[in-house]
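A.B. asks: kindly return the folded structure for what I paste below:
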Amino acid sequence: QVQLVESGGGLVQAGGSLRLSCAASGRTFSNYALGWFRQAPGKEREFVTAISRSGTTTVSIDTPKGRFTISRDNAKNTVYLQMNSLKPEDTAVYYCAAGYYSSSRRAQYDYWGRGTQVTVSS
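C.D. replies: Coordinates of the predicted model:
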């Protein structure tokens, strides 16, 4: 089992930045690819970005604009999501997930955190 706990959400004005963190415990963190997803009220949970086990491969819905950047620190068992130039439509609960492969598909992830709320005001 892997336990994931997100933090760093909050209220921010449009154009601002936030960095989310997801701390993992349980099995060996470096054995897992990590993903970030988000879910706005009344909408499906959608993929944001992911990073492979080696940390060398990332995919993102935001390419090539680069507003969202994922990174991982295996020594700290933590994955991060840096979000810049935030927009009101980025308002959602953000979830991190762990799986064997880096993927945009929810089904590829075996473990999920409970989420952290991000609210972007206009």
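
A.B. asks: beta partners of the residue most central in space within the chain?
C.D. replies: Nearest to the mean C-alpha position of the chain, counting by Cα atoms, centre = their mean, stands Trp36 at 2.5 Å. For Trp36, the beta-bridge partners are Thr49, Cys96 (DSSP bridges).

A.B. asks: so it makes contact with Arg19?
C.D. replies: No. Counting by Cβ atoms under 8 Å, Trp36 stays clear of Arg19, with 11.7 Å between them. C-beta here means a position set from N, CA and C on the backbone, and glycine is covered the same way.

A.B. asks: who touches both of these two?
C.D. replies: Common neighbours of Trp36 and Arg19, using Cβ atoms under 8 Å, 6 or more residues apart in numbering, are Leu81.

A.B. asks: circling back to that earlier point, state the distance from the residue nearest to the centre of the chain to Ala50.
C.D. replies: Look at Trp36 and Ala50: by Cβ to Cβ, to the nearest Å, they are 7 Å apart.

A.B. asks: joint contacts of these two?
C.D. replies: Common contacts of Trp36 and Ala50, defined by Cβ under 8 Å, 6+ apart, comprise Ile70.

A.B. asks: and the helix or strand of the chain with the lowest mean pLDDT, which strands flank it?
C.D. replies: Sorted by mean pLDDT, DSSP states H and E, the helices and strands of the chain end with strand 58-60, the least confident at a mean of 72. Strand 58-60 pairs in its sheet with strand 46-51 (antiparallel), by DSSP bridges.

A.B. asks: off-centre distance for the strand it pairs with?
C.D. replies: Distance of strand 46-51 from the chain centroid (Cα atoms, centre = their mean, to the nearest Å) equals 6 Å.

A.B. asks: can you check stretch 21-35 too?
C.D. replies: Using Cα atoms, centre = their mean, the offset of stretch 21-35 from its chain centre is 12 Å.

A.B. asks: ok, and what's touching that stretch?
C.D. replies: Stretch 21-35 is contacted by residues 1-8, 36, 47-53, 70, 72, 74, 76-81, 96-104, 108-109, 111, 113 when judged by Cβ under 8 Å, 6+ apart.

A.B. asks: can you check stretch 47-61 too?
C.D. replies: Residues outside stretch 47-61 that contact it (Cβ under 8 Å, 6+ apart): 30-38, 46, 62, 66, 68-72, 74, 79, 81, 94, 100-106.
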